[in-house]
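K.L.:
Could you look at this predicted model? Sequence included:
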There are 2 protein chains.
Amino acid sequence: MPSTSETLTAERILEATEEVLRRHGPAKATVVDVARALGVSHGSVYRHFRTKAALREAVTKRWLDRTSERLAGIAAAGDRAPEQRLRDWLAALFEAKRHKAGDDPELFATYTVLVDELGGVVHDHIADLTGQLTRIIAAGAESGDFAVTDPATTARAVFQATGRFHDPCYAREWTAPGIGEEFEALVGLLVRGLRAVG
Amino acid sequence: MPSTSETLTAERILEATEEVLRRHGPAKATVVDVARALGVSHGSVYRHFRTKAALREAVTKRWLDRTSERLAGIAAAGDRAPEQRLRDWLAALFEAKRHKAGDDPELFATYTVLVDELGGVVHDHIADLTGQLTRIIAAGAESGDFAVTDPATTARAVFQATGRFHDPCYAREWTAPGIGEEFEALVGLLVRGLRAVG
DNA sequence: GGACTGACAGATATTGAAATCTGTCAGTCG
DNA sequence: CGACTGACAGATTTCAATATCTGTCAGTCC
């Protein structure tokens, strides 16, 4: 049976929504478009999502979570020294964002618009990422590699310090030549600030 | 004699332009408005600025330069240790931006719009600021306080790392409670990364 | 003679009427 | 009964006509 005749689920609606967003952009993507893409009436979409804003929020959360999940694997990798895990994690974050932005710039721009009209979702996403970072830094503090008194505060500082390499407002600079060197210089400086002297 | 009957100069036009921008905002401020505020025809304004874009650029540069000049004094203060000078300079940059944004939010929003439609002006402004920072860090490297091989690269890294506390795209977060502690945590981390061990 | 004006052409912005969209809900269909 | 439809009211967006603005330049006025 073709997928268009399967039961209407939240997941299928989210897939169709992402497709409509890709095609039409954030300003012109309507609930009616999503319903049309699924071959149902728009009333049916409202059975699964109370408002258009809730639908946009869900599809955006889904997109952000795809990044969080990939990074969670690195954060949890207990077989690497904390410093290397931190470097890997930051590099993976930068790489994930840069890849998303470079691969499909229009979809990235679309989600960038959605992200900053949806304060709550971003807040949760950032809390998730800084939580991962906190665990890496706490592990380093415990092993004696890092001289850190408050891992959570330090994690937020590291996250904010590297904003240029993951915050969408800097996306246009991610293709500039020399960006890799700038990233290395900053990570090197931060790691030296974290290291226990001795 | 009232100022409206003095000779028409570039400086008087810039003052009137800032006033018109403050009143009307960036989208609705026209060259005709500026001319009307000065009691002249708009043709006279074009005698001093070739295009509307050139006028906007000049008034924006003037605004940015007011910040640069204040910071230049701190960067040049040879009576303070490099580490303290760096802390003072970063704190002054944050304070200057936060003050501008908090004092007259509409004018700040106006200039924020102008700034990111005028790539060249911002680039020069950033080059100016990182130049000041480079001189502070180079002084620290020379005195043995900082362990740094390339002051210019390190200065850019420090500037970028503190973006959250001076880049207009984060302006709405500058009034959040706890922002001061976050700033201190980040500066502390960066300074530890710069310091020569020993 | 040089600073300034004001009318002009083409480009851009505003406006309001018509079209579309959001969110609801009584009713259909299996 | 419960998933789905489609017509509806009010809100929002589009579109085309209308008005304003940008940039020029021949001409005015000390």
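P.N.:
Structure received. Numbering: from 1, shown residues only, chains lettered A, B, ... in the order given.
K.L.:
Touching, A:Ala29 and A:Glu19? I think so.
P.N.:
No. Distance between A:Ala29 and A:Glu19: 9.6 Å, which falls outside the contact criterion (Cβ atoms under 8 Å). In this view, the C-beta of every residue, glycine as well, is placed from N, C-alpha and C.
K.L.:
count of residues packed around A:Trp185?
P.N.:
One correction, residue A:185 is Ala, not Trp. Summarising burial for A:Ala185: neighbours were counted as other Cβ atoms under 10 Å in any protein chain shown, giving 20.
K.L.:
so how far is chain B from it?
P.N.:
Look at A:Ala185 and chain B: by Cβ to the nearest Cβ, to the nearest Å, they are 4 Å apart.
K.L.:
which residues touch the residue positioned nearest the centre of chain A?
P.N.:
What sits nearest the mean C-alpha location of chain A, by Cα atoms, centre = their mean, is A:Leu64, with 4.0 Å. By Cβ atoms under 8 Å, 6 or more residues apart in numbering or on different chains, the residues touching A:Leu64 are A:Val115, A:Val121, A:Val122, A:His125.
K.L.:
Could you single out the nearest of these to A:Ala92?
P.N.:
Of all these, A:His125 has the smallest distance to A:Ala92: 15.5 Å, by Cβ to Cβ.
K.L.:
State the helix or strand in which the closest one lies.
P.N.:
Remark: A:His125 resides in helix A:119-143, with elements defined by DSSP states H and E.
K.L.:
now whatever helix or strand comes next after that helix: mean pLDDT?
P.N.:
Following the chain from helix A:119-143 toward its C-terminal end, the next helix or strand by DSSP H and E is helix A:151-161. On average, the pLDDT along helix A:151-161 is 98.
K.L.:
tell me what helix A:151-161 is packed against?
P.N.:
Helices and strands in packing contact with helix A:151-161 are listed as helix A:119-143, helix A:179-194, helix B:179-194; criterion 3 or more Cβ pairs under 8 Å, 6 or more residues apart in numbering or on different chains; DSSP states H and E.
K.L.:
I'd like to know which of those is closest to A:Val45.
P.N.:
Distances from A:Val45 to each of the helices and strands packed on helix A:151-161 were compared by Cβ to Cβ, and the smallest falls on helix A:119-143, at 19.4 Å.
K.L.:
on contacts alone, who are the packing partners of that closest one?
P.N.:
Taking 3+ Cβ pairs under 8 Å, 6+ apart as contact, the helices and strands that helix A:119-143 lies on are helix A:52-76, helix A:82-103, helix A:151-161.
K.L.:
which one of the ones you listed has the most crowded surroundings?
P.N.:
Ranked by average neighbour count under the criterion mean count of other Cβ atoms under 10 Å in any protein chain shown, the helices and strands packed on helix A:119-143 are headed by helix A:151-161 at a mean of 23.
K.L.:
what's the helix or strand for the residue in chain A that DNA strand D sits nearest to?
P.N.:
Of all residues in chain A, A:Gly43 sits closest to DNA strand D, with a separation of 2.4 Å (Cβ to the nearest atom of the strand). In this structure, A:Gly43 is located in helix A:42-48 according to DSSP H and E.
K.L.:
and that helix, how far from the chain's centre?
P.N.:
Relative to its chain's centre, helix A:42-48 lies at 28 Å (Cα atoms, centre = their mean, to the nearest Å).
K.L.:
Remind me what it packs against, helices and strands.
P.N.:
For helix A:42-48, the contact count by 3+ Cβ pairs under 8 Å, 6+ apart identifies helix A:10-28, helix A:31-38 as packing neighbours.
K.L.:
so of those, which one's packed in deepest?
P.N.:
For the helices and strands packed on helix A:42-48, the largest average neighbour count (mean count of other Cβ under 10 Å) is found in helix A:31-38, namely a mean of 18.
K.L.:
A:Val197: how many residues sit nearby?
P.N.:
The number of residues packed around A:Val197, counting by other Cβ under 10 Å, is 9.
K.L.:
Ok, which of the helices and strands packed on helix A:151-161 comes nearest DNA strand C?
P.N.:
Shortest separation from DNA strand C across these is recorded for helix A:119-143, at 16.1 Å, computed as Cβ to the nearest atom of the strand.
K.L.:
and the closest one, how far out from the chain's middle?
P.N.:
Using Cα atoms, centre = their mean, we find the averaged C-alpha position of helix A:119-143 to lie 13 Å away from the chain's own average C-alpha position.
K.L.:
cool, and stretch A:76-92?
P.N.:
Centroid displacement of stretch A:76-92 relative to its chain, using Cα atoms, centre = their mean, is 18 Å.
K.L.:
okay, it in CSV with CA atoms only?
P.N.:
Backbone C-alpha positions of stretch A:76-92 (Å, rounded to 0.1, in the frame of the first residue of the first chain) are rendered in CSV as follows:
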residue,chain,number,x,y,z
ALA,A,76,29.1,9.6,26.6
ALA,A,77,32.2,8.0,25.0
GLY,A,78,34.0,6.9,28.2
ASP,A,79,37.0,5.5,26.3
ARG,A,80,38.5,8.8,25.6
ALA,A,81,40.3,11.3,27.8
PRO,A,82,38.1,14.3,28.8
GLU,A,83,40.2,16.8,26.9
GLN,A,84,40.0,14.8,23.7
ARG,A,85,36.3,14.1,24.3
LEU,A,86,35.7,17.9,24.7
ARG,A,87,37.7,18.6,21.5
ASP,A,88,35.8,15.9,19.6
TRP,A,89,32.4,17.1,20.9
LEU,A,90,33.0,20.8,19.9
ALA,A,91,34.4,19.8,16.5
ALA,A,92,31.4,17.5,15.9
